[in-house]
Structures are given as C-alpha cells and as structure tokens.
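Visitor: Any chance you can model this:
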Amino acid sequence: MAFVWKQTKHEGVRFGEHPARKRGVKPDQYFVIRYRVDGKRREEALGWASQGMTAAKAAQTLGKLQEPARTGEGATSLKEKRRIAQEKRKTEEADRNLAQMQAKVVFHSLRHTFASWLVEQGVDPYTVKELMGHGTIAMTERYSHLSPDRLRRAVKTLESGMDRAKQKRKVVHIGEK
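Guide: Here you go, the predicted model:
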C-alpha cells in the first residue's frame, strides 16, 4: 500500500499515514527525511510515531546529518552512521575480549611460559622435567615441539667434539694407519 506523503512544519521532514496501523484512534505516522548530499537527493526512513518518532526528532536527525555534509567531517547518511557505530562496537568488544584474556593470566600460565622458554633456549628435556617437577618425561615432551632444531644442535655438538678430538689426535679413522 502506497503512502500519501504529507509535509510537516520542518523543512525536509515528511510523513505518511498508514490506514490500518493505528496509534490510538489516529492512523500511525511513518517519518522520513529528504536532503541533498553532493548534489544527490537522499531520502531515509526514520520510524513510526508509535515507536517514539516525532517530526521534531526527525528534524533534529536531519540537522545532525546536514552538519557533516557542510563541514566534510563525519557521516552524511544514516547508513554510514550505523556502519561507523557498528565498527566502534566491534572495536570496543575486541578491546573487552583482550582485557579479559589478559586478566586470565594465572600461575599455570606463568609455569607453562617458564617451561616453553626453557625449551626454546635449548635446555634439555630432562632438566626441564626436573625444574618443573614433572613425574615423567612424557609430561615434559609436550613442550618438545618448541625446539625443532634440537636434533641439529645435537649433531653439531657431536661434530665439535669430534673436531676437538682430531686436534688432540684421539680419533683414528678406520682404514688409516
């Protein structure tokens, strides 16, 4: 059903009356605003009188949209204002989530960090097991993924030992005299 639009005393604000939707005994009114931005005409819906919208509130909303259009700063449409508000809500929610995560640092988190840093620095798993007080080496093995170059370091240690032994002539190669 098409509305018959009626002007209000506020410039750029109009309303349509819905014949079946009542506000008391009167037909309910649906308010919209009309304005221009960058030479383009815009029309945006605001809401029903039964939900609290009035011509004065519509005029106030229109004024809040026209100010950024004049100054060039801020949202020039309700859609843009909603998008900015949603981004702000998402940012605030992310900040709250970060604060909650930071608040969840407990003794166990510090203990886990301690073990992880030891393994990352190349401390052998048995030493980490003793420092952590683990009953078995299997408990400590959960940190082994943090030291993928452990085998490389072991081979380098062996090689450096071999080099020192060669210098002291303690190594005999098989097949040599």
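
Visitor: can you give me the helices in the protein?
Guide: 55-71, 78-103, 107-120, 125-132, 137-140, 150-167 (DSSP state H).

Visitor: Dump the ones you listed to TSV, plus distance to residue 12, mean neighbour count and mean pLDDT.
Guide: C-beta coordinates here come from the backbone N, C-alpha and C atoms, glycine included. Output for the helices of the chain, formatted as TSV (distance: least, Cβ to Cβ, whole Å; neighbours: other Cβ atoms under 10 Å; pLDDT from 0 to 100):
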stretch	distance to residue 12	mean neighbour count	mean pLDDT
helix 55-71	5	15	87
helix 78-103	13	11	87
helix 107-120	58	13	85
helix 125-132	71	15	91
helix 137-140	72	14	89
helix 150-167	73	11	80
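
Visitor: Columns distance to residue 7 on top of the ones you listed, output as TSV?
Guide: Shown next, in TSV, are these (distance: least, Cβ to Cβ, whole Å):
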stretch	distance to residue 7
helix 55-71	10
helix 78-103	20
helix 107-120	65
helix 125-132	78
helix 137-140	78
helix 150-167	80
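
Visitor: so which of those helices comes closest to residue 19?
Guide: Residue 19 lies closest, by Cβ to Cβ, to one member of these: helix 55-71, at 19.6 Å.

Visitor: list the contacts for the closest residue to residue 131 other than its chain neighbours?
Guide: Nearest residue to residue 131, sequence neighbours excluded (Cβ to Cβ, 6 or more residues apart in numbering): residue 118, at 6.8 Å. Residues near residue 118 by Cβ atoms under 8 Å, 6 or more residues apart in numbering: 127, 128, 131, 143.

Visitor: Is it possible to get CSV of those residues that adds distance to residue 31?
Guide: Output for those, formatted as CSV (distance: Cβ to Cβ, whole Å):
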residue, distance to residue 31
127, 74
128, 69
131, 71
143, 64
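
Visitor: which ones are touching the nearest residue to residue 50 once chain neighbours are set aside?
Guide: Excluding the flanking residues, the one nearest residue 50 by Cβ to Cβ, 6+ apart is residue 23, at 4.5 Å. Shown in contact with residue 23 (Cβ under 8 Å, 6+ apart): 29, 48, 49, 50.
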